[in-house]
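Peer 1: this is the structure alone, sequence omitted:
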């Protein structure tokens, strides 16, 4: 019985996101900007207009995003989404930083799904627990992107095959 329990715990840890190391926010900002061209629904906005990224709460990752956006070949506007405020209608992405309460994420995630806003977070556990689409983690000292395909589908987002081949793709409902 002990061997079976140990095997189950080993397999669970191997397939769980709970054991993933969180990626530094500055790197998350760079990765968010790099992901944009690989989201098929963003192809026209990338060429013709500005991508609007909301950051929930007044968080320093907004400054990192603005800095990363300067190096992009398309326009990005970063908006602070005030705590307890509504999600702006013109967002294409919303980022939930570490420390955002589960209740807040659950509420805003439901609204983001209705408005077809791509959800991104700083905590890989939220991809599974809160049904967020993208997160970042570190594996073997390299940043990796975690994608929840079920959540992406609900947001009406499709990623290029090239991107999906590089990402850690999972289905959490």
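Peer 2: Perfect, thanks for sending it. Predicted model, so just to flag it, every value in this text is computed and none were measured.
Peer 1: let me know the secondary structure of the residue nearest the centre of the chain.
Peer 2: Closest residue to the average C-alpha location of the chain: residue 120 at 2.2 Å, with C-alpha atoms, centre = their mean. Remark: residue 120 carries the secondary structure label strand [criterion: DSSP: H, G, I helix; E, B strand; the rest coil].
Peer 1: any idea what it is bridged to?
Peer 2: Following DSSP bridges, residue 120 is listed with bridge partners residue 95, residue 134.
Peer 1: and the pLDDT for it?
Peer 2: Per-residue confidence at residue 120 stands at 96 (pLDDT).
Peer 1: what of residue 58?
Peer 2: Residue-level confidence at residue 58 comes out at 71, pLDDT.
Peer 1: excluding chain neighbours, give the residue nearest to it in space.
Peer 2: Residue nearest to residue 58 in three dimensions, not counting chain neighbours: residue 80, with 5.5 Å by C-beta to C-beta, 6 or more residues apart in numbering. In short, each C-beta sits where N, CA and C put it, glycine included.
Peer 1: so that neighbour is in which element?
Peer 2: strand 75-81 (DSSP states H and E).
Peer 1: mind listing the helices for this structure?
Peer 2: Using DSSP state H, the helices found in the chain span residues 2-15, 25-35, 43-48, 61-69, 102-115, 124-129, 149-154, 161-166.
Peer 1: show me what counts as buried in stretch 93-103.
Peer 2: Applying a neighbour-count criterion of 16 or more other C-beta atoms under 10 Å, the buried positions in stretch 93-103 are 93-97, 100.
Peer 1: for those residues, which one is nearest residue 75?
Peer 2: Distances from residue 75 to the buried residues of stretch 93-103, taken as C-beta to C-beta, are shortest for residue 93 (13.6 Å).
Peer 1: thought that closest one was touching residue 51?
Peer 2: Yes - with contact taken as C-beta atoms under 8 Å, residue 93 and residue 51 are classed as touching, separated by 7.1 Å.
Peer 1: what do those two both touch?
Peer 2: With contacts taken as C-beta atoms under 8 Å, 6 or more residues apart in numbering, residue 93 and residue 51 have residue 36 as neighbours in common.
Peer 1: before we move on, back to that, give me the packing partners of the strand holding residue 80, helices and strands only.
Peer 2: For strand 75-81, the packing partners by 3 or more C-beta pairs under 8 Å, 6 or more residues apart in numbering; DSSP states H and E come out as strand 50-56, helix 61-69.
Peer 1: and that strand, how far out from the chain's middle?
Peer 2: The gap between where strand 75-81 is centred and where its chain is centred comes out at 15 Å by C-alpha atoms, centre = their mean, to the nearest Å.
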